[in-house]
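Engineer: Pasting a predicted model and its sequence here:
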Amino acid sequence: MPTKRDYYEVLGLTKGVVAAEIKSAYRKMALKFHPDKNKAADAEAKFKEINEAYQILSDEQKRKTYDQFGHAAFDPASGMGNGGGAGGPFAGGYQSGPFTWSYNSSGGQAGAGNPFENVDFGDPFDIFESFFGGGSARAQQRPRYSLTIDFMEAVRGVEKKVTIEGKEHTIKVPAGADDGTRLRFEDFDVTIDVRSHARFKRDGYDLFIDQSVPFTILAIGGEIEVETVTGKLKMKVRAGTESHTLVRLRGEGVQHVQQKGKGDLYVRLLVSIPQKLNREQRGLLEELAQLEV
């Protein structure tokens with residue numbers, strides 16, 4: 001595979017940095033080398049390199065993989081990564097980092113007097129506010145507010161009455177909203193912050209829970225009751241199921257925000273060991289232990 005600089009080196013970082021430091025370094029480097037501000041011959045290449053590094057290091061799972069295997073983990077020729085197609089995960093244009101852009105390097109104009117097109121102004125760092133003349137760009141920046149809601153309110157959807165700049169507004173949070181979801185209104189944006197849940201863990205539209213199951217049911221099979229976000233559900237357990245087995249319940253996850261369908265619920269079955277046994281229970285287990293000798 002082509003020689004690449006270490007992603008930490010690209011952003012001027014070292015291993016062990018926290019997410020906030022990665023974000024801060026990315027913002028600084030992207031502003032410095034953005035081709036619309038930096039006219040150096042290698043600015044475009046460096047800007048691509050910076051975005052590629054950020055896409056990996058800002059994603060917790062990708063970062064762990066990179067720390068363990070390096071660039072080879074994302075090279076399709078190595079047979080280790082998913083490859084993302086013939087060109088790897090960065091093929092097919094410059095879609096990396098928190099925004100999408102395309103650059104016309106031929107000297108022509110891509111759009112009305114601007115060498116950039118398809119720019120997503122939803123960049124979480126508002127990075128483009130600095131590119132087109134400080135004062136006027138800042139004047140166009142939209143106010144942004146945050147709204148904290150409970151986990152189940154995000155899953156099921158909720159309406160909240162809030163007061164912004166002295167006026168009352170009704171914020172309709174759609175079912176399936178996640179931490180970081182941005183709602184756009186006429187004069188401002190609202191970013192959703194979601195509290196964690198004691199039982200459910202979320203990954204995109206999928207949910208994960210741990211479910212304690214008696215040893216006897218895991219051994220001989222049976223039926224248990226599982227809690228979902230819509231209520232309790234009966235689930236069959238096959239005989240001989242091992243502890244920590246993961247069972248998928250299709251369509252029992254979170255509602256998709258912009259399309260039909262739901263994610264899945266993954267139930268991890270954990271053997272439940274009784275802390276206290278009565279005489280009869282102990283006797284039966286001792287008989288079982290004798291049979292297994």
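Structural biologist: Everything's here; your move.

Engineer: How is the protein partitioned into domains?
Structural biologist: Annotated domains of the chain cover 7-139, 144-194, 201-272 [automatic domain parsing].

Engineer: Need these in TSV (columns: mean neighbour count and distance to E280).
Structural biologist: For every residue, glycine as well, the C-beta is placed using N, CA and C. Below are the domains of the chain laid out as TSV (neighbours: other CB atoms under 10 Å; distance: least, CB to CB, whole Å):
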stretch	mean neighbour count	distance to E280
domain 7-139	15	48
domain 144-194	14	41
domain 201-272	15	14
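
Engineer: and these as CSV, adding distance to R282 and mean pLDDT?
Structural biologist: CSV is the format used below for the domains of the chain (distance: least, CB to CB, whole Å; pLDDT from 0 to 100):
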stretch, distance to R282, mean pLDDT
domain 7-139, 45, 65
domain 144-194, 41, 91
domain 201-272, 14, 93
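
Engineer: would you list the ones you listed in TSV and tack on distance to N278?
Structural biologist: Formatted as TSV, those follow (distance: least, CB to CB, whole Å):
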stretch	distance to N278
domain 7-139	46
domain 144-194	38
domain 201-272	15
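
Engineer: So which of the ones you listed is nearest R279?
Structural biologist: domain 201-272 (17.6 Å; CB to CB).

Engineer: Just the endpoints, please. Distance across the closest one?
Structural biologist: Length of domain 201-272, first residue to last, CA to CA, to the nearest Å: 21 Å.

Engineer: Identify the residues contacting E168.
Structural biologist: For E168, the contact set (CB atoms under 8 Å, 6 or more residues apart in numbering) comprises 161-162.

Engineer: hang on, it in a strand?
Structural biologist: Yes - assessed by DSSP: H, G, I helix; E, B strand; the rest coil, E168 belongs to a strand.

Engineer: how close does it sit to V162?
Structural biologist: E168 sits at a distance of 7 Å from V162 (criterion: CB to CB, to the nearest Å).
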